[in-house]
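**Q** compute the structure for the input listed below.
(chains A and B)
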Amino acid sequence: MGEVIVITSGKGGVGKTTTTANVGTGLAMLGKKVVLIDTDIGLRNLDVVMGLENRIVYNLVDVVENTCRIKQALIKDKRYENLYLLPSAQTKDKTAVSPEQMKKLADELKEEFDYILMDCPAGIEQGFKNAIAGADRALIVTTPEVSAVRDADRIIGLLEANEIRDNHLIVNRLRTDMVKEGNMLSSDDVVEILAVDLIGVVPDDEQIVIATNTGEPLVGSDSKAGKAYMNICKRVLGEEVPFLDLEETKGFFEKFKAIFKRS
Amino acid sequence: MKNSVVMKGTRSGIILVLDKDLDYDELKLDIAEKFRSSAEFLGHAQKAVMFKGRVLTEEQKLEIVDLIHANCDLNVVCIMEENEIVEGSFRRSMEKTIAERDANTGQFFKGSLRSGQVLDVETSIIIIGDVKPGANVISKGNVIILGSLKGNVYAGADGNENAFVVALDMQPVQIRIANSIARSPDKQPVKKRSKQVQPVKETKIAFLDKGNIYIEPLDKDVMNDIRL
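**A** Predicted structure coming up:
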């Protein structure tokens, strides 16, 4: 029997879709059977980030409306056999499915998959309600900015009101240099404000932008963000993994270059 | 109220019951009057017409159809014979006529189609503008794009295997023709931007051959194989 995890944030642009793609791919790398569901009807992105856009024939709304079978709509990933994507529809809107239908779909997928990851749209309206309908637990993504943290707090309240209590926090796009200078909230600050358990800290990494544009999640790669995502996956599975030292390890040459850049 | 002309409507056809004794010229006036008064109700529909109650020559039938066209906006697609009275055959024969005609007719669409927009047409379609990623064009005929194609196109949506897609800049996410689907190749991770070769923009055609979709430059050889 599988587990449904919703990835949500409230605020837009904090990295829900990137997180879904990376955590989903990471769990598949660790041998789990995973399906990613894009619940952002009308503004689908997950297929692009996964590099699977050109394979879409049927989508979530077709499944819910019984135009096709679930099997027909699931897209197998390019790299991992046990990773699937259920893309969202682009030509409909959030009202095309109901929370009840999403719960039924999640329950059906639970039979076959170890993990069902719901990529939640921004906002707290119908799309959010659809995404959390069948969820057993939630990963809340936030960036270390007051606006994102404020929205995350609201989301945690809504999740608890909907009986989803197994909530974990991902602090995304953290810049250690700015934290050091006192210009950015640290992950500890965010945890203190939100009072939920931290499951991972992902540094701001330009590799993420490149990975998103090429449609290849960077989880498992040697980059800091890739390692951070892999650690999150292991923690999702219940492993105890120490938090990464995110501080930039600069070699002599880089330090030398940095001096020149500044002057 | 004269009852020399009685109109009976079915879903896709009109049965015209005509007085068999009335003088033909007078009958024509009555028909004209009948259609003029019902013009608003009939609208722009496409219908098949069947004559009953009176034996007409072929010329007279055509003359009456002209009369109908002159007096209302109804589009008489074909004339049915009395023995084909069943509604099903009415419709079938009408749809066939429309389909035959539509294969060679088209519509224009001006503007770019953006993500999430769907253009669904019965005929061939000529788009003056771009089709962007996430946009869909569905046509029962051919699709011609005077711009770049970066989204999805479905030509020959009712199974027409001779349908084709032409675009000035062909970079589709997906092309479907009749019952076949072709998807774009997966992006290769590029090392350095500077080494990327910009593909030359060139008019290309996508067509179906033995179940496979091919995309080729629109040159003379390919042009010779196009069947309209």
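**Q** hang on, residue A:153 in a strand?
**A** No - using DSSP: H, G, I helix; E, B strand; the rest coil, the assignment for residue A:153 is helix, not a strand.
**Q** where does the prediction get shaky in the stretch 151-263 of chain A?
**A** The stretch 151-263 of chain A contains residues with pLDDT under 70 at A:247-263.
**Q** can you tell me the closest non-neighbouring residue to the residue of chain A found nearest chain B?
**A** Residue nearest to chain B within chain A: residue A:54 (3.9 Å; Cβ to the nearest Cβ). Any C-beta I mention is one placed from the backbone N, CA and C, and that applies to glycine too. Distances taken as Cβ to Cβ, 6 or more residues apart in numbering or on different chains place residue B:183 nearest to residue A:54, at 3.9 Å, with adjacent residues excluded.
**Q** next, the one you found: phi, psi?
**A** Residue B:183 adopts backbone torsions of phi -120, psi 160, taken as degrees, to the nearest 10.
**Q** beta-bridge partners for it, please?
**A** residue B:174 (DSSP bridges).
**Q** for the residue of chain A closest to chain B, which residues are in contact?
**A** B:173, B:174, B:183, B:184, B:186 (Cβ atoms under 8 Å, 6 or more residues apart in numbering or on different chains).
**Q** who in chain A is up against chain B?
**A** A:42, A:44, A:51, A:53-57, A:78, A:90-91, A:214-216 (Cβ under 8 Å from any Cβ of the partner chain).
**Q** so residue A:75 is in contact with residue A:56, correct?
**A** Yes - between residue A:75 and residue A:56 there is a contact at 6.7 Å, judged by Cβ atoms under 8 Å.
**Q** shared neighbours of those two, anything?
**A** Common neighbours of residue A:75 and residue A:56 (Cβ under 8 Å, 6+ apart) are A:47, A:87.
**Q** show the contacting residues for residue 105.
**A** Because you didn't say which chain, this covers chain A. By Cβ under 8 Å, 6+ apart, the contact set of residue A:105 is A:37, A:60, A:63, A:64, A:70, A:134.
**Q** oops, wrong one, chain B.
**A** B:123, B:124.
**Q** if I look at it, how far off is chain A?
**A** Separation of residue B:105 from chain A (Cβ to the nearest Cβ, to the nearest Å): 26 Å.
**Q** still on that earlier bit, by neighbour count, which of the contacts of residue A:105 wins?
**A** Neighbour counts for the contacts of residue A:105 (other Cβ atoms under 10 Å in any protein chain shown) peak at residue A:37, which has 30 neighbours.
**Q** quick one: that one is in a helix?
**A** No - looking at residue A:37 with three-state DSSP, it is strand, so not inside a helix.
**Q** ok, now how distant is it from residue A:44?
**A** 11 Å (Cβ to Cβ, to the nearest Å).
**Q** between those two, what contacts are shared?
**A** residue A:88.
**Q** so residue B:127 is in which element?
**A** Using DSSP states H and E, residue B:127 sits within strand B:124-128.
**Q** quick one on the thing from earlier: helix, strand or coil: sort out the residue of chain A closest to chain B for me.
**A** helix.
**Q** can you count the residues close to the single nearest residue of chain B relative to chain A?
**A** Using Cβ to the nearest Cβ, the closest approach of chain B to chain A is made by residue B:183 at 3.9 Å. Applying other Cβ under 10 Å, we find 18 residues neighbouring residue B:183.
**Q** likewise for residue A:212?
**A** 21.
**Q** wait, a helix at it?
**A** Yes - assigned with three-state DSSP, residue A:212 falls within a helix.
**Q** which parts of chain B sit against chain A?
**A** Checking chain B against chain A by Cβ under 8 Å from any Cβ, the hits are B:115-118, B:133-134, B:136, B:173-174, B:181, B:183-184, B:186-187, B:189-190.
**Q** sort out for me which of those are in strands.
**A** Members of the residues of chain B next to chain A lying in strands (criterion: DSSP state E): B:118, B:136, B:174, B:181, B:183.
**Q** export those residues as CSV, with columns for pLDDT.
**A** Below are these laid out as CSV (pLDDT from 0 to 100):
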residue, pLDDT
B:118, 93
B:136, 94
B:174, 95
B:181, 94
B:183, 91
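**Q** just flag the most distant two among those.
**A** B:118 and B:183 (18.7 Å; Cβ to Cβ).
**Q** which parts of chain B are helices?
**A** Taking DSSP state H, the helices of chain B run over residues B:24-42, B:58-71, B:87-102, B:220-225.
**Q** mind putting the ones you listed into a markdown table with mean pLDDT and mean neighbour count?
**A** Output for the helices of chain B, formatted as a markdown table (pLDDT from 0 to 100; neighbours: other Cβ atoms under 10 Å in any protein chain shown):
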| stretch | mean pLDDT | mean neighbour count |
| --- | --- | --- |
| helix B:24-42 | 84 | 15 |
| helix B:58-71 | 86 | 14 |
| helix B:87-102 | 69 | 15 |
| helix B:220-225 | 86 | 10 |
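**Q** need those helices in a markdown table with distance to residue A:210, can you?
**A** What follows is these, written out as a markdown table (distance: least, Cβ to Cβ, whole Å):
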| stretch | distance to residue A:210 |
| --- | --- |
| helix B:24-42 | 62 |
| helix B:58-71 | 63 |
| helix B:87-102 | 47 |
| helix B:220-225 | 38 |
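**Q** keeping just the C-alphas, turn the longest strand that chain A contains into CSV.
**A** When chain A is parsed with DSSP E, its longest strand is strand A:166-174. Output of strand A:166-174 as CSV, limited to C-alpha atoms (Å, rounded to 0.1, in the frame of the first residue of the first chain):
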residue,chain,number,x,y,z
ASP,A,166,2.5,14.5,9.0
ASN,A,167,4.0,17.7,7.7
HIS,A,168,7.7,18.4,6.9
LEU,A,169,9.4,21.5,5.8
ILE,A,170,11.9,22.1,2.9
VAL,A,171,13.7,25.4,2.9
ASN,A,172,14.6,26.0,-0.7
ARG,A,173,17.1,28.4,-2.3
LEU,A,174,19.0,29.2,0.8
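**Q** ok so, going back, out of the residues of chain A next to chain B, who's nearest residue A:17?
**A** residue A:44 (9.3 Å).
**Q** give me the beta-bridge partners of residue B:164?
**A** residue B:207.
**Q** surely it is in contact with residue B:204?
**A** No - taking contacts as Cβ under 8 Å, residue B:164 lies outside contact range of residue B:204: 10.5 Å.
**Q** with neighbour numbers in mind, choose between those two.
**A** residue B:164 (25 against 21).
**Q** residues contacting the more buried one?
**A** Taking Cβ under 8 Å, 6+ apart, one finds B:142, B:143, B:155, B:177, B:205, B:206, B:207, B:208, B:226 in contact with residue B:164.
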